[in-house]
Each structure stands twice: as structure tokens, then as C-alpha cells.
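S.K.: mind looking at a prediction? Sequence and model below.
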Amino acid sequence: MLKIQKLNQYYGESHTLWDLDLDIPQGQCTCVMGRNGVGKTTLMKCIMGEETTSSGSIEFAQDVELTKKKIEDRSRFGIGYVPQGRQIFPLLTVEENLRTGLAVRKDGSKKIPERVYELFPVLKEMKHRRGGDLSGGQQQQLAIGRALVIEPRLLILDEPGEGIQPNIVAQIGEVIRKLIEEDGLTVLLVEQKLPFARKYADRFAILDRGRRVAEGRVEELSDQLIKKHLTV
Amino acid sequence: MASSQTWLLRPLQERSTQIFLGVLFSALIVVTFLHLFMPQDSALHVSAYTVTLLGKYLCYALLAVAVDLVWGYLGILSLGHGAFFALGGYAMGMYLMRQIGDRGVYGDPVLPDFMVFLNWDTLPWYWQGFDMAWFAFIMVLLAPGLLALVFGFLAFRSRVTGVYLSIITQALTFALMLAFFRNEMGFGGNNGLTDFREILGFNLRSDATRLGLFIATGIALAIGYLICRGIVTSKLGRVSVACRDAEARTRFLGYRVERVQLFVFVVSAMLAGVAGALYVPQVGIINPSEFSPLFSIEIVVWVALGGRATLYGAVIGAILVNYAKTVFTGVMPDAWLFALGALFVLVTVFLPKGIAGLLQKRRKAKDEDTTTGQEATA
Amino acid sequence: AEDPIKVGILHSLSGTMAISETALKDTMLMLIEKQNAEGGVLGRKLEPVVVDPASNWPLFAERARELLEKEKVDVIFGNWTSVSRKSVLPVVEELNGLLFYPVQYEGEESSENVFYTGAAPNQQAIPAVDYLKNELGVERWVLAGTDYVYPRTTNRILETYLKDQGVADADIMINYTPFGHSDWQSIVSDIKSFGSAGKKTAVVSTINGDANVPFYRELGNQGVSASDIPVVAFSVGEQELSGIDTAPLVGHLAAWNYFMSVDNEANYDFIDAWVEFKGDEKAVTNDPMEAHYIGFNMYVEAVKKAGTTDVDAIKDAIIGVAVPNLTGGIATMMPNHHITKPVLIGEIQDNGQFSVVWETPSTVAGDAWSDFLPGSKDLISDWRAPLRCGNFNVVTGKCGGSAEVASN
Amino acid sequence: MSMFEQLTNRDRVFEFLAPAASPVDVRHGPILYLEDVNVSFDGFKAINNLNLTIDDGELRCIIGPNGAGKTTMMDIITGKTRPDTGSVWFGSRHNLLTMNEPDIASLGIGRKFQKPTVFEALTVFENLELAMAADKRIFPTLTAVMKPEYRDRIDEVLEMIKLKTLRDKPAGILSHGQKQWLEIGMLLMQKPRLLLVDEPVAGMTEQEMERTAELLTSLAGKQSVVVVEHDMGFVRSIARQVTVLHQGSVLAEGSMDQVSNDPEVIKVYLGEEA
Amino acid sequence: MSIFRLLAGLALAWCLALGPAVATAQVQDDTAQTLLQRLAEASNAEKSKVLKQIAESGDERARGWLEAFAGGRLATVKSSGYVVLVTSNTGRNWQVASAVTGDSMGEMSRRDLDSIRVNNALRSQVEGILSVVDLSVADHRTRRAAARHLLGRVDTVTAPLIEERLEVEDNDRVRELLANALAIHQLEQGDINAIEQLSGSLNSRVRAALNNAASSDDPAIAAAAEKALASIEQKLKLNKAAETLYFGLSLGSVLVLAAIGLAITFGVMGVINMAHGELIMLGAYTTWGMQQLFPGQPGLALILSIPAGFMVAALAGIIIERSVIQHLKGRPLETLLATFGISLILQQLVRTVISPLNRTVVTPEWMSGSIMINEALSLTLNRLYVIGFALVVFAGLMLIMRRTRLGLEVRAVTQNRAMARSMGIKATKVDIMTFALGSGVAGLAGVALSQITNVGPNLGQNYIIDSFMVVVFGGVGNLWGTLVAGLTLGTINQVLEPWAGAVLAKIMVLVMIILFIQKRPRGLFPQKGRAAEG
Ligand SMILES: Nc1ncnc2c1ncn2[C@@H]1O[C@H](COP(=O)(O)OP(=O)(O)OP(=O)(O)O)[C@@H](O)[C@H]1O
Ligand SMILES: Nc1ncnc2c1ncn2[C@@H]1O[C@H](COP(=O)(O)OP(=O)(O)OP(=O)(O)O)[C@@H](O)[C@H]1O
Ligand SMILES: NC(N)=O
Ligand SMILES: [Mg+2]
Ligand SMILES: [Mg+2]
């Protein structure tokens, strides 16, 4: 689904991603892990186009070279993004937040898919409240809901469980699995919490200081790897 | 950074301040020298006209520094700083008016001419005391300072921020402009205060006085710069920046944001007042147009052009824009607004951090060359 | 050839005053061009030096200094507003320059270095009021003006004058508005009700510049016609009218010393030259332009008379110089540096011109110090030897202080 | 004290200028005491008759569903939000409802925000410097000098939060997790009597979580700590006493085991498998 | 008065003669020429006699001569003394026609012509004559205007004519006016009974007559007049209040129009657009331009200016957005700097390309004058249109911002640009469209303002500060706020003005804004809650 090759990224002078390769197979959930500040979010932003890369390629669905596409077009290929820190539109109502995603839907529907409300009933309840007024966890749910509105083929989740109450975290996990299994969705997940990753991801990749240092199926994620790359 | 120096002297150890003061004082000395010792017809001679012109630029520079202090470091975009400048100017103007004494056209020993011919028979109470230099000079600080204190107290207490604050500062200066235009206010209405004769006993129409005022302005700018720099480099300066970027967060650390804002705002208003006071004897007139909101916006433009949040940038911006104005109005009277407008547009688009940003980039590039080596070894 | 005579032109070409002052700059250029075509003066060409004080009062002083100190001009023609003149005044006095000021003003000034070719209040305001009183039988007065010194002073003079003539307090309404005032609804409504008291009412307007268009528009829309309540304006000339739809204004009045419509050959020649110079058939002339015309010719005559451009020589030579004005009369420079002018009252016509309905039988000499202000009624100005004083007090027999410093 | 200082020390001249801050009085009971607090936003009741008591030196965990009102509760304590009714006392002397944010902060209540907010234009070092306990009035701040012991203290905290290498970088460039740490660092610099910590471990790895847990437990005793967190593993590792909020009021209170077996809590919050 | 009386009497004869059934008299051409020539040479006092003779002549061309005379369009050829009718009198050469025959005589230089002078008194006489004539025309509106004109101008000669006319007049309002005109005359004659007829009228001439009567020597008349005045005064108060409200709404709607575009570019997009005033100016100049394109059809030109003004300003907006503002994303404060530069450039551009002078924009017939609600309360038409226009523009904008996708997308883009783009919103397009919309609306404001104030290079400067005040007072980002703020500030200003004077009223409004912001630091309709704090 997504093939990243020799990706390099700089913030000004500081080299953040180094020759990064990553393969995200179709219909699976790949979990990116790594300590704080290693560049996970940066990588996601590069995929979405919010940060520019200096070299390397990001190939989407075999034929689209994402680095050459404008940000607003990337979502049109079916990439949904749940950024770290939620990034909801604070002054738009919950409903309006969701509606922002309608423009890129293939079917041209003008209605918010009922499924989003089914998944996160609280959103329906708070439909007319402004996004910025919601509690942290509610905002996180809104952010995920918003990404689902565009009916993505690839869903990028940057620490989606952050700030969400445990039963809903579990629910989100289930949803992810369901979407993967039923709709063939591909998921790129950034997650620190091992239990969650182990439970819902198919594959993992570990970043360290901007480099990919390990990769494999989730079952292969050994304590040794964890100790080496995820402890401080 | 670590030093037991007082906050005011601490900036003297910074390289940028040293350079700034160095350049400023050399300029003062060179101009003085060229004015006094070069023969009139020499190409190098600096005429009294130019000296006064430079003096005016320096007043504007001080004003720009004051604006940069509140805008650059405190995040208060004041669109009304012209008001403080003008108040300082009026305080000085009132002193200079009173110095005319009975040499006015009507020969009234007390009343300024404009009062005589508009039939005032006594000096209004707020004109009392301005015949004494010390009183007037205190008022130069106090008038703008008090206005800033009252206005700031009200505004900051109610947490007026952002554009709301900007617009009410604009309303403030606009209201003052309208008020001062009124003849009834007793400040000479639209004609303002003019026809000054002497300051502290020196004839305002002599070249020596002009040079003196120019030098005084230079020194005032140096002191003003030091004060601002002192504040900015102190912990209070960092608190200001914190207020600028995350006002609410600063409160949760225990800082009384409104007091920080008030303090810096008042200091800035007083500096603007001093700038105004030095401006008036040099240009020879103070009238309500200094209160005009457009003038205040222009000051902000100088600062932005020079580079916000770099005090020397404000100085560069003020001098450059005003120099450009002088040149443009001279060489292309019909089209200078095009040039000036284009300058504003181009600088904003191409030099996002102003002229200071350009200088910084240079310096950084140079620093980088020297430091990368060290880092590699570290 | 000899060095040219440098003529400084100090009029705003940008900013709010450009609207009025650009035409004066062009007038000067035209006059200079014409004079040069005739061979200049004393065999010397004239060279204009144009600067732009940009409607900024301190800049007027700075530019004046530049003209005198750097450009070393022989004479300056310039300024429009009183405040700009006040700003320039100390500079021309200090550097002993010459300034010709072409606009009607509030008086109360007489400088050794300034020649006032526009009207003083007694050359505009007082005759206009006389006309309204005597010819139209006006008994109730609205004095409406922009809130600054010229209207304030003029209205103060008129108020005293009217009261001296027995007009009651209740029959005078005074109203001031800010610069550029654009919402006249309630003021016009007030004027209307003030005018419905049964006595003939007129408005004396010292409303300045841009505020006039909305004022007249409102008058028209609220149905105040010139036959009900005529408005006589002191600051509305042909140039201002050229920006107004004049249909609702017909019959309202203005008092000036010159109108473009005056039937006079010299005037027609001047207009032709102006139209040609501007390359615009619709270009209009106005009173301050005539003032520059007179001032320039007076200067030329004075230079010829003195045989030099030396400032002090000109100052002596110019007093008494008489040149034709554009309305068929003669303008003479008086010892108080004001000139003699006819006073014309015109009614606005639908073509944006004034039709003269009344004029003074002869020219009136400008009075620097108003007889209707208590502080100045005892002052006279005479710049001839031996008095050489701009503010001589005939009661105390002393010359006011400014002269001493000026000659320092 | 010099003459000058005496003169400029305004609070000694006028009674009403005297700072409200004076040491918290815990001789007669809890350090924090909320009674019958209610808050509603446009008719929505975010806090509903909330009662809560925190003892001096206690470490309390607060959990509860999203939107239960945990953050709002902290807003009330720190003066950011004014409740409609109820009372909030800090110790037995200070009625927090009559004070504004800086007063409350200088009383010794520190807070880490749910969404990390740091001063982006200032360096990491300066962020900590500003947070440091000190006289925060205008003139003392203006004349403050950086003493070596302060510097040592900041470096110590920098070490603790693992941001030493980024010491002189503007805080704006930090990653999400690094900002979380910086916030914790700022809290430590403040040396507050009461720490309110909103979701400290969001976005941290297991190991970092462990470190945070150690840190917070080590503080308890000397200082009182209130932690809001959704990560049950973390809560379990530090919790002694847990309060569960739901729809603005206390649903359950007790030890971790007690609450995690409470069927209501399981239903509204934990879910079946937690 | 005596002149008028004579004339009016003569006019009666003439008016009868003009009746359609009667064959019209016509004087010899050379007699006409002499008559007109005498008019040219006469002094003012004599002129009125000649006018009388002209009216008396009963010539069917007389009306044309009188109107031309009143309009200042009669002139003599200097060389021959021949009287001509000036058909076009602008510029140095005038179009003339023979006054007697009406034949065109082509162009003549102004130098060769001598205008026949007219003044207000003479014009007023002519109007008086024409009014009496007009009393018998078919159109009742003309009759009404004529009758109103006669108020306070009736004398012993015309009084019987009016009485006669009153008998046959079938329009109530005309009757009422004529009755009042007669009553004024009777009151002047000392008839106390006339006061009763007058006591109901709000007309200002009636009041003038009563005022005069109140100072009469006859105590009975004075007392009755006082009483009538008092009752009128009472009614006037109410009308005055209604009038003030109208003035307030009208000023308010001007403020709303000026500010509403800014409410989009500044309030919604966050661009501190100092060039907003100049965009308004462009709209106003467009109106002028359209009137140049359609000379003689000011109304059509004005209507066409609405789309044209929008387009011109929107286009300018697009150019500004593309060339400057797009480079300043995320630096809102710097937009102030750049747009300030743009505003200088636009102002000077107009000065250089068009003229530093104001331009004449003509008010079409249907927008001039006022609708009379009653004799004391009239609503000026141009203002009425502007109020309506402001409301329509507001409603339109509201619809776009609330009901269209653009509205949602703009807000999303301004609140979080990067995220909006990640959601597939074409931010660049949204920026262009929004800025164009805000600018276009500014252009519309300019079209409206051209009917109220100067069209000149300084137009924009006069509105920019007020516009920012209104937007901020209303609460940034809230269109309703802008509407309410504009109308409120306008009304407050007009309420204060009669009481405090224009200057102080303005100062007081500013101080009020300052104090109000202390109470509500985020305007009238603030964004509340967490969301606003971000
Ligand atoms: N705008 C920026 N400018 C400069 N450096 C930045 C910027 N944003 C992030 N960085 C740096 O880039 C590195 C990677 O940041 P990134 O946000 O990708 O980390 P992360 O892996 O997502 O961490 P976390 O787990 O804390 O979210 C960090 O060291 C950070 O300091
Ligand atoms: N200003 C406001 N306007 C409207 N609703 C608000 C406002 N502030 C908070 N709320 C609502 O109050 C409720 C409590 O919010 P709060 O942030 O306290 O929850 P929380 O317990 O911290 O949740 P989380 O665990 O998700 O952070 C939420 O439903 C939120 O939507
Ligand atoms: N002198 C004038 N009109 O200001
Ligand atoms: Mg991250
Ligand atoms: Mg929360």
C-alpha cells in the first residue's frame, strides 16, 4: 500500500529522518514505535505532506508518488489522518468538524456516515457543541471520526489512544480490526503502549533517532528489541 | 549571562549592545565633527538642516524602540503609541510656548498667542507650571505615563488582548486627536503649538542649539535602548515573552500578567513621551496630527520592517523608512508613495523577519561556520 | 548666462491636502514656464524647485528649510492650511526667506517674510455677511464650520460683528464638525428647524474640504433649497464643485475674490493657458490659483523694481507694487503684506460654476488684525521703514515682541 | 533592609497591597477541600455536586470517562474556571474561589496541563527558569540574577526530564512527548505544595511511564499530588487511593482494587477486559 | 412682497391663457427679442418687472424663457446683443440656440457671450409664477409641490385665486396645503381664526408663520399662536425621535456596509487588511466610471455598478491575495504591514491615473430627495436605499458563510490550515475565494458610499478606522456582531450628536468603545469557552 524509500527530512539544519525505508502492506495494521522525539510524528507528517522531505520516495498504492502531490490531494487518494494532538477545528461545531471531510468522498455524499456516530455516540450527543469545548478524550474521538468520514483506504493514526478512556481505547482497537478485516483498510499506527500494539497490530517498525532500526511481525517484537530501542 | 550586574548595566556586556552603542556614538561624533569643523562649502559638511533631520530620525528611532518593547516582547500591538509620543511632545511644546513670554505677537506675558486671539482671559489650570523646565520635563514622562497607567490598568485588568487591545489603543489615539483638534481644549487646535523661541535659555534658531538637541536625542536613544535591552534580557523580559506567547499559562506559574504588561507598557509610553519631547523643539511644531491613527500604524510598520523583537531592528527600521521618505519625497514627489508602499510590500514578502532578520541570517551563517567544528569535537 | 532665479514650490502632492494643492503647484509651473518664454526676469531664467511636504505639518517646516538652506531658493510659493504656514513661518523668518501664501485664512498674522495673497476675513467673510443681511434680509444665522482655527476665528469675528449690528444671541447658531465629517443628517435637520422660526435664515459655512460634498448632498436630500436657507461658503470653490453633483446646490453661494466665470479677457486668457497646460478641457481655475498668479506677478515686478533677488531689497520694493488681477481690477501689495482684492459673491450654477450676484464697488485692502477681536483691534502692521513692525499697538505705541526676535 | 527597599516595598505600607499568599494551613485537616461544586456551560452540567478531599501529602489518582469533568475540576482549583456554586478551600485558610490564577499559583498549587503548553519561543532552560519558585513580583523579577545554585537546580531537573541536549533549543521544536516532560519539569521547578497532573504519561513509552511513576511516588509525602490518567497500568502502579468521576460527580472512591471491581466503574469506564 | 403680488396676479391671467382649450397668444419675434434683451440689460429690480411682462405676454414660449432664466441659461451675444439659450454650458465653448426661435446656433466661445444674471430672489419669483401655473396641471404631485411652494407666499392678489382653486381641487393633500397657504395669509392679515386651520400642521413654513404670530402685538393672536405652537411642538418631539432613529440606522448601515467586507477578510480570514478602505474606494470609482460610460443615465449606471463594483474590487482582492497575502500565511500581523503598503499604492494610483480631485458621481432621480412621511418627517431616499442595500448584502453574506461549503471551508482553513489541507480542503482556492468575496463586498460598499460621500483618493482612509472599530466591537469573526455593532454605534452617535455636537459625540463613542471593551474584552458577541482560548 505504502512504500517508503530512502526518506530524508530536515527541520532547518537538523536532520530528523535518515534514509528511512518502510513498507506498509495492504490490509494490515503496521505499528510504528520509538522513544519520544525519534521522528514518528515527523514521518507521518511527511506522508501527509505537512513537512517537506529532502529526498526519498513515498509510493502509495503502487503507482502514486506522494512526495509530488499537494497536501490537499493526498486525502483524495483515500488517506485519512488522525494527527497527534488532535488538531480539531476548535471553533467549528462537532458536526462541522466532521463535515470538513465530506468534500473528498468518492460518492459525493453530503451526509456524515452514520457509522461514525455509531462508533462514537458521544459525537452525536455533542453534535452542536464547538470542537474546542470538548474534553481531551472527546476531541480525540472526534479526530478519529473525522478521518473516517472520508472513508479512507489508508488510515494514519498518531497515538490514537492518548487521553481516551480504557473501554473506548479497546473499542477503537476493535474498530481498527474490523475496518481492516471487513473493508480491507490499511492502517499505519503510531503507538507507545505495547499491550495495545501487540493486540491490534499485525506488524511493527521501530524508529530510533530518525532511522528504522527494526521491523517485523508483531509476534517477533521481542523483549530484547524493546529493551534496546524503547527504553531510555 | 551570569553576572551580578544590575539589570540596566547587564546589556553592556552583550556584543549586540556594544555594537549598537558603538555605532550610535560614532555617528554622533562624526556628525558633530563634520558639522562644526568642515567648511560650509565642503562636500563633507553636514548642514544644520541635516543635523536636525538626523535628530528627527533619532526621535523616531526611540519611538520605534518603545513600540518594539511592547509589541516585540510583550505581544501588545499598540496602534496608539503616537498618542504617548504626542503627549510628550505637547508637554514640551507647552514649556516652549511659555518660554516665549511676552515676545508673542500680542505681547501678553502669560497667554500664548492662540489663546489671546480666541479671547481666553486666563491661563487654564493645566497650563500652570509649564513655565518651569523641571516641571515640564517631569510632565513629559508623567503625562504619557499616567495615560498609559490608567488605560493599561483598565485594559489589562480585564484581560483585553490581541486585536481588541490594538483597536482600543487606536480608538484612544483617535479620540485624543479629535479632542486636541478642538480649539476649546486649549492646545491650539489644529494649528497646534509653534513659533518656539528658546529652550533652557538657548535660542532654538541657532545651529548650536540644534546640534545640542541632536546629541541629546542620541543620548536619549542610547539610554532608552539600554533600558529596553535591560528589561528584555532580564528575567522580566523572559516573562514578557511568556506572556506574549501563552498569557494564561504564565498566570499558572504565579506571575501577575497584568502587572507585567502594565509595567512594560508604562515604561514604553514614557520612552515614547521622551521621544516626542525631543522631537518637538527640533521640528518646531506639535499639532494633533501626531495623534493620527495612521501615524501610529506607521510606527508599527517601521518596527516590522526593521525586524520585530530586535530592538536595534526597530532603530534601523525607523531610520530607514524615514530616510526613504525624505529621499523619495524629494526625488519623486509625484510617485513617492508608490515607492514607499512597494518597499513595505517587498520587505514583508521577502524579508519575513525584517532587516534585522537579514543581518541575523548573515551572522548565523558565519557563526555556524565556526561552531560546527566545535560541535563535532564535543 | 546668470544663475537662474530659484523658485521654491511648497505644496503637498500627496496625502490629504494633495487634492487642493497639486493644482497650485501646476499653476506655479505654468506661470514660470510662461515667464521664461518671455525671457525670464532681469535676463535670468526662473527655475522651479518642487518639493512634497506630503500633507504633513512638520514636514512643511523641514522642506522649507531644505529649500532655503540647501536649495538656496530666492522665494517660496506655497502652503494651503494655516497650520502648515504656522509650521513654516519660524523657518522663513530664521533663514530670511520669502513666502507667498495664496489661501484665504483667519488673519491675525503679519510676518516680515510672508506675503498674504489670499483673503483676510475682512476680504471675504464680512462682505459676505453684509450681502446676506442687506440684499437677502437674513436675520438668523447658522455659523457652521470644521473644528479648527480658521473657522473658529472667522466665526468669532462674525459673531462679534453680527452682535455689534444688533443680532440677538438666540438668532445665532454655531456648529462645529470634525475634519472630513460625512454624516450631516442631524445637523442639516437642526438647521432646518432653526430656520423655521419665521425669520430669514442663512448658513455661513466654513466647512472645509471633503466634508462639503456630503453636506450639500444632505441639504439637497432634505429639501433645503437656496431659496429657503441659502448657504454661503468660504471654502468651496470651482475645484471642490468639480467633484460634486451640483444639481441640488444651485443658488447656494460662495464668497471669493475670484471666480472662474468672471467675464474678463485676462481671465479668459488665464483659463485658456491653464486648459492648455493641463491638457484637459475640463480643468478649472479657482481663487488660490489667482492668488498665486497675482503673487507671482508681484514678485516679478518687485525683482524688476529692485533689480535684484536679494530678499531685503525685495521686501522693500514689493510694497506698493500693483499688478492686474484676473477680475479686471488691480491688486496692490499693502504695507501689512496683504493685498487689495475685490470681494465677489457668486451663486452656484448647475455647471459647477459661480454666477456673480454681487461685488464690492472697489477693492478691499486685507486687514491683518481683525477689528472685531478684542486682542487685536489695536494692532496694525506696517513693514515700511521706519515702523517695520507686524504688530504695532496703536494704544501703547509699542511693537509686539516677535519682531525683536525675528530680527535677531 | 535598605531605605530604598523599604520605600519600594509597597506591601508594608498599605494593608490591601499585602500579598494574599501565606503558607497553607493544614493543621486542621485536608490540603484541598471541594464541597458541592457545580459548573455548567450553556446549560450543560460539567460538574455536578462534586465533593472531594485531598489530604496533605497524599497521592491521589482520579480516573473517569472522557468528559467526566476531571480537567474542569482542575480548572476550578487553579482559578481558570469559576464554579456556579460550591466552595473550594486550600488548607483551612485559603478560599480559592476568591483568588485569581497567579495568587493560587503562588500559594503553591502547580499544574501540568492535559495538552502540553510550554513557552515556545523560550528555550527549554528558560522555561524552567520562569517556573522556578521565586519572588514573582515585577521588580524582583526585573532585578533577578541567575545564581549558580539556581542553575544547578535547573540542570538537575533537565537531567531528570532527559532534555539536557535540548537545553538551549526553543521549546517550540520539541516533540509532543518532550513537551510533556518539559511540563513535568516546570512543575518540579515550582516546588508546589499541591501538584495537579493531568494525563502525565500520554504518549510515553512503558519505561518512561515507570520513571514518571517513580517520580510522582517520590514526591508524595512531602507534597500532595493529584493525578488524572487513563492508563490503568500506570494508575495501578502508583495508586493508593483512587477516585472515579462520572458526569461531574464522584462515582466511586477507594483503593485501586476496590474501584476496578466496581461494576458501575467497569461499565462506564474500564470495559469488560480491563 | 409687492413685486410678487403683482406678478402673481398677472400670472393668473397667463395661467388661464395657457389653458389647453384657449388658443395661445404669441408675440412677434422681434418684440420677444426686445423683451429678452431688456431682461439682459436690466438691473435686478427692473428684471423683475421684465419678468412680469414676460409672464403677462401670455406667449407660449414664456415658460421656457422663465425656466431658462432661472437656470442661468439665457445669455446675450456680446457683439450683437442677441439673446440666446445656452443648451450646454460646460467648458470654454458653449452650445447655444436662439431664444426666440429655438434654432440651434452651434458652438460659441464663452468669451463672446454674456450670461444674463439671475439670483435667488429672481429665481424665487419665477418659481412663484410657475407654482401658480402648476396649480392647475393634471398631475397631482406637481400640484402638491406647487401648493407647498405657495405656503407663506400668498398675498392679497393670489389669495382669491387660491380660494377659487380650492373649490375645484379634488386631491386631499393638495387641498390641505392650499388651505394652509391661505390660512397663513389670513393670519398675516390678523385673522385669529386662521390659527385653528394651522394648528394641526407640522410644516415648517406654517410654524414660521405661527412663530411670527406669536410675537404679534395682538395678545389674543399671540396667545392662540403660542398654544398652537405648543401642540405642534408636542407632535414634533415624536417625529424628532423617529428622525433620530432613522439617522442612526442610516449612519449605522453605512458603518455596517463599510465593515462587513472586513468582517470577512479580517474577522474570518485573519488578514489585517489595511487596504480595505481602498477596496471600498475602488467600488466607488467603479460607479463613477460606469456613469462616464453611460452618460445621462446615472440610474442605469448605478445599478450596473453593483455587479461591476463587486467584480473590480474582487479582482483587486485576488491580485492582492495572490501577489502578497499568500506569502504571509501564518503571519497575520505582517499582513498589516504589507496591506498598509498596498493601500498607499492604491491611493497614489488613483491620484496619478485618475486625478487627485474628487470625482462627481450623480445621484439618479429616483434616489434623490426624500419620502415624506408627514410634513415634519421625511426619510431621505439615498439613505433609505443604503439601509436596504446594507441589509441585503448582509443577508447574502450570511447565507454564503452559513449555508455554503465555502463558509465551512474558510473557517476550517483559518483555524487550522495544515489540518484543513489534510482533510482535502483546497486551502489556496478557499483563500482566493474568501478574499475575493470580502474585497468584492468592500466594492459594494463603495458603490453605496458614492451616493453619500466624496469619491476621491481619500475615501478609503475615512472608513478604515471605523470599519475596524465596528468589527472588533461586534466581536471578531461574528457577522451578526458586525451588523449589531454597526447599527448600535451609528444610533448612539446620532443620539449624542444633537446634544453634544459632532466632535464630542464622536469622541464619546470612541471612549465608549474603549470602556465597553473593558467590560467585554472580546466584543459584543464573544467566542466563549475553551474553544476561544484555543
Ligand atoms: N518544527 C520543528 N523544528 C525543529 N525540530 C523539530 C520540529 N518538530 C519536531 N522537531 C524535532 O524533531 C524530532 C522528532 O520529532 P517528532 O515529533 O517526529 O517525534 P516523535 O517521534 O513523534 O515523538 P513523540 O513520541 O514525543 O511524539 C524531535 O527531536 C523534535 O525536537
Ligand atoms: N467551555 C465549555 N463549553 C462547553 N462545554 C464544556 C466546556 N468545557 C468543558 N465542557 C464539557 O464539560 C465536560 C467535562 O470536560 P473535561 O475536560 O473536564 O473532561 P475530562 O474529564 O477532563 O475528560 P478527558 O478525560 O477526556 O480529558 C465535557 O463534556 C466537555 O465537553
Ligand atoms: N487658511 C485655511 N483655509 O486654513
Ligand atoms: Mg509524536
Ligand atoms: Mg481532561
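M.R.: Alright, I've got the coordinates. Ligands and ions are numbered 1, 2, ... in the order given.
S.K.: my read: E:Lys235 touches E:Asn203, true?
M.R.: No: E:Lys235 lies out of contact with E:Asn203 (CB atoms under 8 Å); the separation is 11.7 Å. (C-beta placed from N, C-alpha, C; glycine too.)
S.K.: compare the two (neighbour count), which wins?
M.R.: A count of neighbours by other CB atoms under 10 Å in any protein chain shown puts E:Asn203 above the other of E:Lys235 and E:Asn203, at 22 against 16.
S.K.: torsion angles phi and psi at that one?
M.R.: phi -60, psi 140 (degrees, to the nearest 10).
S.K.: which phi and psi does the residue lying farthest from the centre of chain E have?
M.R.: Largest separation from the mean C-alpha position in chain E: E:Ser422, at 51.6 Å (CA atoms, centre = their mean). Torsion angles at E:Ser422 (phi, psi; degrees, to the nearest 10) stand at phi -60, psi -20.
S.K.: with C:Ile207 instead?
M.R.: phi -70, psi 130.
S.K.: could you do D:Ile104 as well?
M.R.: Dihedral pair for D:Ile104: phi -60, psi -40, per degrees, to the nearest 10.
S.K.: and for it, nearest residue in space, chain neighbours not counted?
M.R.: Closest residue in space to D:Ile104, ignoring its immediate chain neighbours: D:Gly79 at 4.6 Å, by CB to CB, 6 or more residues apart in numbering or on different chains.
S.K.: so that neighbour, which of the three states?
M.R.: Taking DSSP: H, G, I helix; E, B strand; the rest coil as the rule, one finds D:Gly79 in the coil state.
S.K.: can you show me the strands along chain A?
M.R.: Using DSSP state E, the strands found in chain A span residues A:2-11, A:14-24, A:29-33, A:55-60, A:64-65, A:79-82, A:154-158, A:186-190, A:203-208, A:211-217.
S.K.: kindly report the same for the stretch 201-350 of chain B.
M.R.: Assigned by DSSP state E, counting those that start in this stretch, the stretch 201-350 of chain B shows strands spanning B:202-203, B:285-286.
S.K.: among those strands, which is nearest A:Gln141?
M.R.: A:Gln141 lies closest to strand B:285-286 among these, at 61.8 Å (CB to CB).
S.K.: so in that sheet, which strands flank the closest one, and in what orientation?
M.R.: strand B:193-194 (antiparallel) (DSSP bridges).
S.K.: could you point out the helix or strand that follows the strand it pairs with?
M.R.: As assigned by DSSP states H and E, the chain's next helix or strand after strand B:193-194 is strand B:198-199.
S.K.: other residues contacting that following strand?
M.R.: Strand B:198-199 is contacted from outside by B:Tyr95, B:Leu96, B:Gln99, B:Leu204, B:Thr209, B:Leu213, B:Pro281, using CB atoms under 8 Å, 6 or more residues apart in numbering or on different chains.
S.K.: with stretch C:157-175 instead?
M.R.: Counting by CB under 8 Å, 6+ apart, residues outside stretch C:157-175 touching it are C:107, C:121, C:125-126, C:129, C:133, C:139-145, C:155, C:187, C:190-191, C:194, C:199, C:204, C:370, C:372-373, E:501-502.
S.K.: distance check, E:Ser43 against ligand 4.
M.R.: Distance of E:Ser43 to ligand 4, computed by CB to the ion, to the nearest Å: 97 Å.
S.K.: quick one: that residue from ligand 3, how far?
M.R.: Plainly put, E:Ser43 is 34 Å away from ligand 3 if you go by CB to the nearest ligand atom, to the nearest Å.
S.K.: how many neighbours does that residue have?
M.R.: E:Ser43, neighbours per other CB under 10 Å, totals 9.
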